[in-house]
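*Asks:* just coords:
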C-alpha cells in the first residue's frame, strides 16, 4: 500500500476502526461461546453479537489489540510502519512518527506485533536441504547492585538458526556467489547448546523429511532421530566455513547488524521477538506492498498472549 493512499484513507480514527472491522469480517467471526458464525454489528459498543446465543465479541477481542488502550489509528499506523521497510524502526523512532506522548505503550505495541510475527511463522516448518548452525547475540540486562544499576554488556543469547536452500542451476551460477538459493529462515533462542534442547527446538523448525547439514558439533548428533538425513561437515579451516554454510552465516550476520545498528542494545529477555521480526520479513522479502496485508492477517488471527 502506497504512502499517499494510506494517509489519505486512514488519517482519522473512524476510518481505521472501519478497516479493522472489515478485515475481521472477511476472516470470519466465530463465537467463543457457541461457535456460531452469524453475527450482528452493534456500532455504539464496537461489538458483534452472536445471533444464536447473544454473546458479544469486541472489535479488539482475540487480536493483538486486546486489552490495549491505544486507539485504532495508532495500531493501524504501527502495523503499517512495521511493514514499510525491510529494516524497520526503533520504538523511539516509531513514537516520533506516530506522535504519541509516551514511549512505553509504543514499545509494548511493537513487541506484541513481533510476537504475532513469530506465531505466524510457527505454523510452517522448513523442508528440503537445510543449513543449521548456532548463533550468539549480544543481550543486555540491568543488574541491581547496591543502589546503582549496572548494565551487563556480555550476556550471550544462544539461538539455533536454520535456512532451507535450493541448488542453483549450473548455467545460472555466478563467481563468488553461493551455489544455492535461500528459501525460508527460522531462528529460535535456547538456554543451552545441549543435545536434548537442540533436538527439541529443531523438531519445531523442520519437517521429518528434511535433510539437515551441520558442522561437527556434538549438540547436533541427535538430529538424525527427527529428520530423514543428517550430514556432518567438519571444516578445519575457519575461512572455509562461510563457503560450506553460506546462507546461515549471512542470516546471522545480517540479524546482528540490524539489531546493533537499529536498536543498539536489546534486553536478552526479548531477543526472540526481534529475531521473529527479522525472520518474518526475510521469509516475505518478495511480497512487496502485500507485506502489510499479510501482517494485518497475522495480527488479527490470534491474541498476542496466545
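*Replies:* Here it is on my side, so go on. Here the structure is a predicted model, which is why all the values come from computation and not from measurement.

*Asks:* any regions of the stretch 151-300 of the chain where pLDDT drops low?
*Replies:* Counting by pLDDT under 70, the stretch 151-300 of the chain shows low-confidence ranges at 151-154, 237-242.

*Asks:* which helix is the longest one in this protein?
*Replies:* If you go by DSSP state H, the chain has its longest helix at helix 103-121.

*Asks:* now the next helix or strand after it: buried residues?
*Replies:* Using DSSP states H and E, the helix or strand that directly follows helix 103-121 along the chain is strand 129-145. Neighbour counts using 16 or more other CB atoms under 10 Å place 129-135, 137-140 of strand 129-145 among the buried residues. Glycine gets a C-beta too; all of them are placed from N, C-alpha and C.

*Asks:* residues in contact with stretch 290-306: which ones?
*Replies:* Applying CB atoms under 8 Å, 6 or more residues apart in numbering, the contact partners of stretch 290-306 are 1, 20, 23-24, 27, 61-66, 79-80, 82-84, 112-113, 115-117, 119-120, 281, 284, 287.

*Asks:* the residues you listed, buried ones only, as a PyMOL selection?
*Replies:* Here is the PyMOL selection string for the buried members of the contacts of stretch 290-306, based on 16+ other CB under 10 Å:
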select buried, resi 20+24+61+62+63+64+65+66+79+80+82+83+84+112+113+115+116+117+119+120+281+284
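
*Asks:* the strands in the stretch 1-150 of the chain, which residues?
*Replies:* For the stretch 1-150 of the chain, the strands identified by DSSP state E, counting those that start in this stretch occupy 39-42, 47-50, 56-58, 129-145, 148-167, in order along the chain.

*Asks:* tell me which of these sits nearest to residue 183.
*Replies:* Proximity of the strands of the stretch 1-150 of the chain to residue 183 was assessed by CB to CB; the nearest stretch is strand 148-167, lying at 3.7 Å.

*Asks:* is it true that residue 157 touches residue 189?
*Replies:* Yes. Residue 157 is within contact range of residue 189, at 5.8 Å (criterion: CB atoms under 8 Å).

*Asks:* next up, the contacts around residue 268.
*Replies:* Applying CB under 8 Å, 6+ apart as the definition, the contact partners of residue 268 turn out to be 139-141, 155, 157.

*Asks:* can I get these in TSV with distance to residue 124?
*Replies:* Conversion of the contacts of residue 268 to TSV gives the following (distance: CB to CB, whole Å):
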residue	distance to residue 124
139	27
140	31
141	31
155	30
157	23
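
*Asks:* the most centrally placed residue in the chain - nearest residue in space that isn't next to it in sequence?
*Replies:* Within the chain, one residue has its C-alpha closest to the average C-alpha position: by CA atoms, centre = their mean, that is residue 276, at 2.6 Å. With CB to CB, 6 or more residues apart in numbering as the measure, residue 118 is the residue that lies nearest to residue 276, at 3.4 Å, once sequence neighbours are left out.

*Asks:* the one you found contacts residue 274, correct?
*Replies:* No. Using CB under 8 Å, residue 118 is not in contact with residue 274; the gap is 10.1 Å.

*Asks:* who has more neighbours out of those two?
*Replies:* Ranked by neighbour count (other CB atoms under 10 Å), residue 118 and residue 274 place residue 274 first, with 23 against 19.

*Asks:* doesn't that one fall inside a helix?
*Replies:* Yes. Assignment of residue 274 by DSSP: H, G, I helix; E, B strand; the rest coil places it within a helix.

*Asks:* my guess is it contacts residue 114. True?
*Replies:* Yes. Between residue 274 and residue 114 a contact is recorded at 6.7 Å, counting by CB under 8 Å.

*Asks:* quick one: the closest residue to residue 195 other than its chain neighbours from residue 164, how far?
*Replies:* Nearest non-adjacent residue to residue 195, counting by CB to CB, 6+ apart: residue 222, 4.6 Å away. According to CB to CB, to the nearest Å, residue 222 and residue 164 sit 20 Å apart.

*Asks:* which one of these two has more residues nearby?
*Replies:* Applying other CB under 10 Å to residue 222 and residue 164 shows that residue 164 carries more neighbours, namely 24 against 18.

*Asks:* before we move on, back to that, would you format the buried residues of strand 129-145 as CSV with pLDDT and distance to residue 176 included?
*Replies:* Formatted as CSV, the entries for those read as follows, by pLDDT from 0 to 100; distance: CB to CB, whole Å:
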residue, pLDDT, distance to residue 176
129, 92, 21
130, 92, 23
131, 91, 19
132, 92, 24
133, 91, 21
134, 90, 26
135, 91, 24
137, 90, 28
138, 86, 29
139, 82, 34
140, 80, 36
